[in-house]
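**Student:** sequence first, predicted model second:
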Amino acid sequence: QVQLVESGGGLVQAGGSLRLSCAASGRTFSSYAMGWFRQSPGKEREFVAAISWSIGSTYYADSVKGRFTISRDNAKITAYLQMNSLKPEDTAVYYCAAGWYAVGSRWPIRPSEYNYWGQGTQVTVSS
(Lines give C-alpha, C1' and ligand atoms only; values in the text may rest on other atoms or scores of the structure.)
Protein backbone atom coordinates (compact mmCIF):
# COMPACT_ATOMS: atom_id res chain seq x y z
CA GLN A 1 0.00 0.00 0.00
CA VAL A 2 1.49 3.30 -1.09
CA GLN A 3 1.70 5.98 1.57
CA LEU A 4 2.85 9.57 1.33
CA VAL A 5 3.18 11.44 4.61
CA GLU A 6 3.86 15.17 4.67
CA SER A 7 5.34 17.09 7.57
CA GLY A 8 6.95 20.43 8.28
CA GLY A 9 4.09 22.85 7.85
CA GLY A 10 3.39 25.66 10.29
CA LEU A 11 3.07 29.37 10.87
CA VAL A 12 5.81 31.72 9.67
CA GLN A 13 6.17 35.43 9.10
CA ALA A 14 6.49 36.86 5.62
CA GLY A 15 10.07 36.58 4.42
CA GLY A 16 10.67 33.46 6.50
CA SER A 17 11.39 29.88 5.50
CA LEU A 18 9.94 26.42 5.97
CA ARG A 19 10.96 22.97 4.75
CA LEU A 20 8.30 20.42 3.96
CA SER A 21 9.02 16.69 3.86
CA CYS A 22 7.17 13.90 2.13
CA ALA A 23 8.05 10.38 3.26
CA ALA A 24 7.02 7.74 0.72
CA SER A 25 6.58 4.01 1.11
CA GLY A 26 4.87 1.02 -0.45
CA ARG A 27 6.49 0.79 -3.89
CA THR A 28 9.52 1.79 -5.91
CA PHE A 29 9.31 5.27 -7.39
CA SER A 30 12.12 5.15 -9.94
CA SER A 31 9.70 5.80 -12.84
CA TYR A 32 7.77 8.45 -10.98
CA ALA A 33 7.81 12.15 -10.39
CA MET A 34 7.09 13.57 -6.98
CA GLY A 35 5.06 16.73 -7.10
CA TRP A 36 4.04 19.37 -4.61
CA PHE A 37 0.68 21.06 -4.93
CA ARG A 38 -1.13 23.59 -2.78
CA GLN A 39 -4.73 24.55 -2.23
CA SER A 40 -6.22 27.51 -0.42
CA PRO A 41 -9.92 27.93 0.44
CA GLY A 42 -12.11 28.50 -2.58
CA LYS A 43 -9.32 27.84 -5.06
CA GLU A 44 -8.34 24.90 -7.20
CA ARG A 45 -5.38 22.73 -6.33
CA GLU A 46 -2.32 24.41 -7.82
CA PHE A 47 0.92 22.88 -9.05
CA VAL A 48 4.03 24.08 -7.22
CA ALA A 49 7.02 21.92 -8.17
CA ALA A 50 8.01 18.44 -9.33
CA ILE A 51 11.12 16.27 -9.32
CA SER A 52 12.06 13.14 -11.18
CA TRP A 53 12.92 10.34 -8.76
CA SER A 54 15.36 8.73 -11.20
CA ILE A 55 17.56 11.66 -12.26
CA GLY A 56 16.54 14.49 -9.95
CA SER A 57 15.54 16.94 -12.66
CA THR A 58 13.11 19.59 -11.45
CA TYR A 59 10.31 21.83 -12.67
CA TYR A 60 8.67 24.80 -10.95
CA ALA A 61 5.61 26.96 -11.24
CA ASP A 62 6.51 30.53 -12.15
CA SER A 63 5.02 31.79 -8.90
CA VAL A 64 7.63 29.97 -6.80
CA LYS A 65 10.63 29.88 -9.12
CA GLY A 66 13.72 31.26 -7.38
CA ARG A 67 12.14 30.97 -3.91
CA PHE A 68 11.28 27.27 -3.57
CA THR A 69 13.57 24.28 -4.10
CA ILE A 70 12.42 20.70 -4.51
CA SER A 71 14.80 17.85 -3.75
CA ARG A 72 14.75 14.17 -2.88
CA ASP A 73 16.73 11.66 -0.87
CA ASN A 74 16.52 8.30 -2.60
CA ALA A 75 17.90 6.38 0.38
CA LYS A 76 15.21 7.78 2.66
CA ILE A 77 12.56 7.76 -0.09
CA THR A 78 11.71 11.29 0.97
CA ALA A 79 11.07 14.43 -1.03
CA TYR A 80 11.50 17.93 0.29
CA LEU A 81 10.25 21.39 -0.53
CA GLN A 82 12.45 24.18 0.81
CA MET A 83 10.43 27.38 0.84
CA ASN A 84 12.25 30.69 1.25
CA SER A 85 11.11 34.31 1.07
CA LEU A 86 7.59 33.21 1.90
CA LYS A 87 4.69 35.53 1.11
CA PRO A 88 1.17 35.67 2.56
CA GLU A 89 -0.14 34.42 -0.79
CA ASP A 90 1.81 31.17 -0.24
CA THR A 91 -0.63 30.32 2.55
CA ALA A 92 -2.33 27.03 1.69
CA VAL A 93 -2.53 23.34 2.44
CA TYR A 94 0.45 21.73 0.73
CA TYR A 95 0.17 18.22 -0.69
CA CYS A 96 2.79 15.88 -2.06
CA ALA A 97 1.86 13.45 -4.79
CA ALA A 98 3.49 10.75 -6.92
CA GLY A 99 2.72 10.08 -10.56
CA TRP A 100 4.29 8.14 -13.40
CA TYR A 101 6.76 10.22 -15.39
CA ALA A 102 8.95 9.47 -18.38
CA VAL A 103 12.13 11.56 -18.26
CA GLY A 104 12.13 14.06 -21.11
CA SER A 105 8.38 14.09 -21.54
CA ARG A 106 6.09 16.92 -20.57
CA TRP A 107 6.12 17.50 -16.83
CA PRO A 108 2.93 16.42 -15.06
CA ILE A 109 1.33 19.57 -13.62
CA ARG A 110 -2.32 18.53 -13.37
CA PRO A 111 -3.61 16.82 -10.21
CA SER A 112 -5.21 14.15 -12.41
CA GLU A 113 -1.74 13.08 -13.57
CA TYR A 114 -0.80 11.90 -10.07
CA ASN A 115 -1.84 8.55 -8.65
CA TYR A 116 -0.92 8.88 -5.00
CA TRP A 117 -1.47 11.73 -2.55
CA GLY A 118 -0.52 12.65 0.97
CA GLN A 119 -2.92 14.06 3.53
CA GLY A 120 -1.61 17.61 3.30
CA THR A 121 0.12 20.00 5.69
CA GLN A 122 -0.95 23.56 6.47
CA VAL A 123 1.40 26.45 5.72
CA THR A 124 0.36 29.87 6.99
CA VAL A 125 2.38 32.98 6.22
CA SER A 126 1.52 36.06 8.24
CA SER A 127 2.11 39.59 6.98
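**Tutor:** The structure has been received and is ready for your questions.
**Student:** going forward, measure contacts between C-alpha atoms and count neighbours the same way
**Tutor:** Will do.
**Student:** name the element the spatially most central residue of the chain belongs to?
**Tutor:** Nearest to the mean C-alpha position of the chain, counting by CA atoms, centre = their mean, stands Trp36 at 2.0 Å. Using DSSP states H and E, Trp36 maps to strand 32-39.
**Student:** so which elements touch that strand?
**Tutor:** strand 46-52, strand 92-100 (3 or more CA pairs under 8 Å, 6 or more residues apart in numbering; DSSP states H and E).
**Student:** next, the angle strand 46-52 makes with that strand.
**Tutor:** Interaxial angle, strand 32-39 versus strand 46-52 (axes from the mean of the first three to the mean of the last three CA atoms, to 10 degrees): 160 degrees.
**Student:** partner strands of strand 32-39 and their direction?
**Tutor:** strand 46-52 (antiparallel), strand 92-100 (antiparallel) (DSSP bridges).
**Student:** please identify the buried residues of the last one?
**Tutor:** Of the residues in strand 92-100, those scored as buried under the neighbour-count criterion (16 or more other CA atoms under 10 Å) are 92-100.
**Student:** would you turn those into TSV with distance to Ile70?
**Tutor:** Formatted as TSV, those follow (distance: CA to CA, whole Å):
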residue	distance to Ile70
Ala92	17
Val93	17
Tyr94	13
Tyr95	13
Cys96	11
Ala97	13
Ala98	14
Gly99	16
Trp100	17
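**Student:** measure the closest residue to the residue nearest to the centre of the chain other than its chain neighbours to Gln13 for me?
**Tutor:** Spatial nearest neighbour of Trp36, excluding adjacent residues (CA to CA, 6 or more residues apart in numbering): Cys96 at 4.5 Å. In this view, Cys96 and Gln13 are 23 Å apart by CA to CA, to the nearest Å.
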